[in-house]
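Student: I need the structure of the sequence given here:
(one chain, ligands or ions: 1)
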Amino acid sequence: MVEIKDKADVKFSEAAQKEIERYISHYPADRKKSALLPVLHIAQAEFGGWVSPAVQDKVAEILGIEPIEVYEVSTFYTMFNLKPVGKHVLEVCRTGPCMLRGADQLIEHIENRIGCKVGETSPDGMFTLKTVECLAACGMGPMLQIQEKYYENLDTESMDKLLDDLRKQ
Ligand code: FES
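Tutor: Have a look, this model is predicted:
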């Protein structure tokens, strides 16, 4: 996907625009910033799974806020990707309970299987590997999230099967 460099070239689909307006309508006119998180999610889904500076500038314009107010949120939350990502983004929990149940070994196994390190995208463009803090499935670790879906109680065997299934999609 070609990166859009200027916010003037950032065009949301009609459906996304409607969804953005719906979220903004939940708040008083002078509190549009309150819709920032859902609007960023919509923007990320619209533009290839990540939010470029131009896309974030457009979000700021839509909400009537300064770009820095968008950047300080997008850089805080790990669910927003600030550079291009692979087809599937693997977000592996690395917090204590999952670590105790083998998250470290799982991460190393994934790195070996997809051919890249944490924070990188695999050479075939299929996977981006990220580590994140607790995803509130601590009793089912080690676990990871792909979009809205959780995969729990993972081991090397179930992880291999998951990667194979994802490659076929
Ligand atoms: S520690 Fe991994 S989900 Fe909570």
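
Student: Work out for me the element the most centrally placed residue in the chain sits within.
Tutor: For the chain, M79 is the residue whose C-alpha lies nearest the centre (Cα atoms, centre = their mean; 3.8 Å). Using DSSP states H and E, M79 falls within no helix or strand.

Student: any idea how far it lies from the ligand?
Tutor: 14 Å (Cβ to the nearest ligand atom, to the nearest Å). Just so you know, the C-beta spots here come from the backbone N, C-alpha and C atoms, and that holds for glycine as well.

Student: residue contacts, that residue?
Tutor: 41, 91, 132 (Cβ atoms under 8 Å, 6 or more residues apart in numbering).

Student: quick one: pLDDT of it?
Tutor: pLDDT for M79: 91.

Student: Same question for E3.
Tutor: For E3, the model assigns a pLDDT of 76.

Student: Can you give me the neighbour number for it?
Tutor: 13 (other Cβ atoms under 10 Å).

Student: for T131, same thing?
Tutor: 18.

Student: V85 belongs to a helix?
Tutor: No: counting by DSSP: H, G, I helix; E, B strand; the rest coil, V85 is not part of a helix but coil.

Student: surely it meets T121?
Tutor: Yes: between V85 and T121 there is a contact at 6.2 Å, judged by Cβ atoms under 8 Å.

Student: what touches both of those two?
Tutor: Shared contacts of V85 and T121, counting by Cβ under 8 Å, 6+ apart, come down to T128.

Student: from the contacts of M79, which is closest to the ligand?
Tutor: The ligand has its nearest neighbour among these in V132, at 8.7 Å by Cβ to the nearest ligand atom.

Student: The closest one reaches Q145, doesn't it?
Tutor: Yes: V132 is in contact with Q145 according to Cβ under 8 Å; the separation is 7.3 Å.

Student: where does the protein come near the ligand, residue by residue?
Tutor: By the rule Cβ under 6 Å from any ligand atom, the part of the chain lying against the ligand is 93, 95-98, 134-138, 141, 143.

Student: can you redo the residues you listed as CSV with secondary structure?
Tutor: Shown next, in CSV, are those (three-state DSSP):
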residue, secondary structure
C93, strand
T95, coil
G96, helix
P97, helix
C98, helix
C134, coil
L135, coil
A136, coil
A137, coil
C138, helix
G141, coil
M143, coil
